[in-house]
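Visitor: Structural data only, the sequence is not supplied:
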């Protein structure tokens, strides 16, 4: 079964901030971050059943970047909702209160 990926607007902001940060560090690094994230999202389409970390939120760490994708799975409707993309040094409980 293939799942549909839905990205919360706040998570889109998380992603854009990370891309902008990495582009400031080195030209092209933001693009590498985005490419890595997209590969991980393809993985979630095929297999979203990573372990639940808190509440009903699951997490998938990005390879080569210190970020985790926080997501929920609606098995009945085959939807994976990306709730946040957070740096691993941040408290994941704060994802609901961010801008």
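Guide: Done, it's in. What you are looking at is a predicted structure, and each value in this text was computed from that prediction instead of being measured. Numbering: from 1, shown residues only.
Visitor: all contacts plus neighbour counts: C-alpha atoms, from now on.
Guide: Fine.
Visitor: In contact with the closest residue to residue 4 other than its chain neighbours, which residues?
Guide: Of all residues not flanking residue 4 in the chain, residue 79 sits nearest, at 4.8 Å (CA to CA, 6 or more residues apart in numbering). Applying CA atoms under 8 Å, 6 or more residues apart in numbering to residue 79 gives the contacts 3, 4, 5, 6, 73.
Visitor: Let me know the closest of those to residue 85.
Guide: Using CA to CA, residue 6 comes nearest to residue 85 of these, at 13.1 Å.
Visitor: Wait, a helix at the closest one?
Guide: No - assessed with DSSP: H, G, I helix; E, B strand; the rest coil, residue 6 is strand; it does not lie in a helix.
Visitor: That one reaches residue 77, doesn't it?
Guide: No - taking CA atoms under 8 Å as the definition, residue 6 is not a contact partner of residue 77, at 11.8 Å.
Visitor: Compare the two and say which is more crowded by neighbours.
Guide: The neighbour comparison of residue 6 against residue 77 (other CA atoms under 10 Å) goes to residue 6, with 13 against 9.
Visitor: Next, name the residue at the spatial heart of the chain.
Guide: residue 69 (2.7 Å; CA atoms, centre = their mean).
Visitor: for that residue, phi and psi?
Guide: Backbone torsions of residue 69, given as degrees, to the nearest 10, read phi -90, psi 120.
Visitor: Residue 27 versus that one, what's the distance?
Guide: Distance of residue 69 to residue 27, computed by CA to CA, to the nearest Å: 23 Å.
Visitor: likewise residue 39?
Guide: Taken as CA to CA, the span from residue 39 to residue 27 is 20 Å.
Visitor: do residue 5 as well
Guide: From residue 5 over to residue 27 (counting by CA to CA), the distance is 28 Å.
Visitor: For the protein, name the helix or strand with the lowest mean pLDDT.
Guide: The helix or strand of the chain with the poorest confidence is strand 52-54; it has a mean of 91 (mean pLDDT, DSSP states H and E).
Visitor: Tell me the first helix or strand C-terminal of that strand.
Guide: With elements assigned by DSSP states H and E, the helix or strand that comes after strand 52-54 is strand 57-61.
Visitor: Perfect, I'm done here.
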